[in-house]
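Peer 1: Sequence plus the predicted model coming up.
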Amino acid sequence: MRKYALAVAAFCCAGVAAAQTGRSPSVSSPNSLKWGPAPSILPAGAKLAVLDGDPTKSGAFTMRLMMPPGYRIPPHFHHADEHVTVISGTLNVGMGDKFATKGGIALHSGTFGMIPEGVHHFAWAKDRTIIQLHGQGPWGLEYVNAADAPKQR
Ligand SMILES: [Cu+2]
């Protein structure tokens, strides 16, 4: 009921907000997300949905990444702080230049984490896991070991 009231409040103000900023409020429910293949910079098998903004351009963005069971992202870093919220499943994160499933931190559903720009890290998911990433675009990553970069698909 409370969620419904909030949604109604958001939509009834949409006209006012659009007049003030040229943009309208948006609501993304889990079932309304449009999942597509994740960009080829990421290992194959993940799906991506953009909730707000355009992660390929400068400016604020919010997106979700759905990882299949056993998914791994080799050691990498970003050119901006990484803000990650686990929506479902568990994201395991390790620090450093060498992938290892021992000693990582398990981020369970509902957990938020921030990894500063330039810090080398890697991640894996044992089960299907959905994370939300938000920040200032353009989003991207650079692999610590060039050989880890996925082959262009
Ligand atoms: Cu990362």
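Peer 2: Perfect, I can see it now.

Peer 1: Can you give me the distance of T129 to G36?
Peer 2: Computed as C-beta to C-beta, to the nearest Å, the T129 to G36 distance reads 18 Å. C-beta here means a position set from N, CA and C on the backbone, and glycine is covered the same way.

Peer 1: More neighbours: which of the two?
Peer 2: Per other C-beta atoms under 10 Å, whichever of T129 and G36 has more neighbours is T129, with 25 against 10.

Peer 1: Go ahead and confirm that one touches T85.
Peer 2: No. Contact between T129 and T85 fails when scored by C-beta atoms under 8 Å: they sit 11.8 Å apart.

Peer 1: what's the overlap in contacts for these two?
Peer 2: Common neighbours of T129 and T85 are not found (criterion: C-beta atoms under 8 Å, 6 or more residues apart in numbering).

Peer 1: Now do the strands in this protein.
Peer 2: For the chain, the strands defined by DSSP state E cover 36-37, 47-52, 59-67, 71-77, 82-88, 90-95, 105-108, 112-115, 121-125, 129-137, 142-143.

Peer 1: Give me the pLDDT value at G22.
Peer 2: Predicted confidence (pLDDT) for G22: 85.

Peer 1: burial of it, as a residue count?
Peer 2: G22, neighbours per other C-beta under 10 Å, totals 7.

Peer 1: again, but for the one 10 residues further on
Peer 2: Neighbourhood size, S32 [other C-beta under 10 Å]: 10.

Peer 1: residue nearest the centroid of this structure?
Peer 2: In the chain, the residue lying closest to the centroid (C-alpha atoms, centre = their mean) is L133, at 2.9 Å.
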